[in-house]
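Engineer: just to be clear, the model below is a prediction. Sequence and coordinates:
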Amino acid sequence: MDFELTAEQQMIVDTVRKFVAAELEPHEDEVERLDEVPAELAERIRARALEAGLYAANMPAELGGGGLDATGVTLVERELGRTGYALQMLVARPSNILQACEGEQRERYLLPAIRGERHDCLAMTEPGAGSDVRSMTTRAVRDGGDYVLNGTKHFISHADTSDFVVLFAATGVEETPRGPKNLITAFLVDLDAPGLEVRRGSACVSHRGYHQCELVFTDCRIPAAQRLGEEGAGFELMGEWLGASRLSVAATSVGRGRRVLEMATRWAAERQQFGQPIGKFQGIGFPLADMATELDAAELLTLRAAAKLDAGGMSDQEAAMAKLFASEALGRITDRALQIFGGMGLMAELPIERFWRDARVERIWDGTSEIQRHIISRSLLRPLGA
């Protein structure tokens, strides 16, 4: 086993870290204050990301993307994770699921997304269907050469700045050993389609400027040609996307944890109490040691899963372990860092309270910690017939 990065991987890390420090971090306070990224700034960051070759790094080179493997993309995500989602999303990685586009869909959705001309979001969660996605009530009914969509999706990230949505909707019912379950199908829907309303969702304490939206479909009619994949195969497409998505959350958590640890360590070395740096007290030094240890463990789990994905063998259990441990470690790390900063950690003048707030959502989206534990325990028990 070789735990060292290759020269190419280290170059990727250095390039992205410099970009984040120069192009993203200086705007964090403004985004936090405004709860949005000004349009002119967003376009400038996207343009510079394209110039730097960082845009669509996850897409195949033959389609115009960066052509990075899963490990390379994970390293990019880790470095982008040093800042908040409102800014890091501008260095876009179009959803992997778009690679399922065929024929005219490639020209209309996939290739423009890779070129940075159109931006996608995904709509799966509903007010009554979160972790239990197959209980979704948004329906797509075939009507001749079209589908008619009705229903509501919520917690749809950055729909307010996107051009189209990858929508998951029920198109039928199948009998399973656990009773009837919805058949799920994926669709590509332009966000300006008649019958679709995009509403700004509730304000969130995490990741200001990265908005959650509600999508309301009322007899929204789209051509059958905008179905992504086969009818009823959306659940399988969803599973392929979620594995990569959970790996992304794990990598982001590691990157953000690294930045928080650096800040806490510097504070502990410079802050003086009782005639010495506070880091010399075990009450401060030992939490730093725990933070560093947990970060290394989270990073190893994440990179192992990425390496398995590159080899074609990442299991649901490995993706779940990486997401679970890294996101929960980030929560502990930001909480310890805030304690190390003391009262100043809660003040808006420092970014510690922001990292603390932002960390909380990582244990919820892309599958809650409880769902990850379910996946892991199921993987352990099923081979034994339990």
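Structural biologist: Nice, I can see it. Numbers count the residues shown, from 1 in each chain.
Engineer: chain center to stretch 77-93, what's the gap?
Structural biologist: 9 Å (C-alpha atoms, centre = their mean, to the nearest Å).
Engineer: ok now stretch 252-264, how far from the chain's centre?
Structural biologist: Distance, centroid of stretch 252-264 to centroid of chain: 17 Å (C-alpha atoms, centre = their mean).
Engineer: contacts for it next, please.
Structural biologist: The contact list for stretch 252-264 (C-beta atoms under 8 Å, 6 or more residues apart in numbering) reads 77-82, 88, 288, 291-292, 294-295, 298-299, 302, 326-327, 329-330, 333-334, 336-337, 340-341, 351-352, 355, 358-359, 362. For every residue, glycine as well, the C-beta is placed using N, CA and C.
Engineer: again with stretch 170-184
Structural biologist: Contacts of stretch 170-184 (C-beta under 8 Å, 6+ apart): 133-142, 147, 168-169, 185, 231-232, 234-235, 238.
Engineer: give me the buried positions along that stretch.
Structural biologist: Residues 170-171, 181-184 are the ones in stretch 170-184 that count as buried (16 or more other C-beta atoms under 10 Å).
Engineer: repeat that for stretch 49-67.
Structural biologist: So, applying 16+ other C-beta under 10 Å, buried residues of stretch 49-67: 49, 54-59, 63, 65-66.
Engineer: the strands in the stretch 1-150 of the chain, which residues?
Structural biologist: 120-123, 139-143, 146-157 (DSSP state E, counting those that start in this stretch).
Engineer: for Gly283, which of these is the nearest?
Structural biologist: strand 146-157 (38.4 Å; C-beta to C-beta).
Engineer: elements contacting the closest one?
Structural biologist: Where contact means 3 or more C-beta pairs under 8 Å, 6 or more residues apart in numbering; DSSP states H and E, strand 146-157 is packed against strand 120-123, strand 139-143, strand 164-176, strand 179-190, strand 212-223.
Engineer: what angle do it and strand 179-190 make?
Structural biologist: 90 degrees (axes from the mean of the first three to the mean of the last three C-alpha atoms, to 10 degrees).
Engineer: could you check the angle strand 212-223 makes with strand 146-157?
Structural biologist: Using the same axes, to 10 degrees: strand 146-157 against strand 212-223 is 170 degrees.
Engineer: quickly run through the sheet partners of strand 146-157, with directions.
Structural biologist: Each strand paired with strand 146-157, and its direction, by DSSP bridges: strand 139-143 (antiparallel), strand 212-223 (antiparallel).
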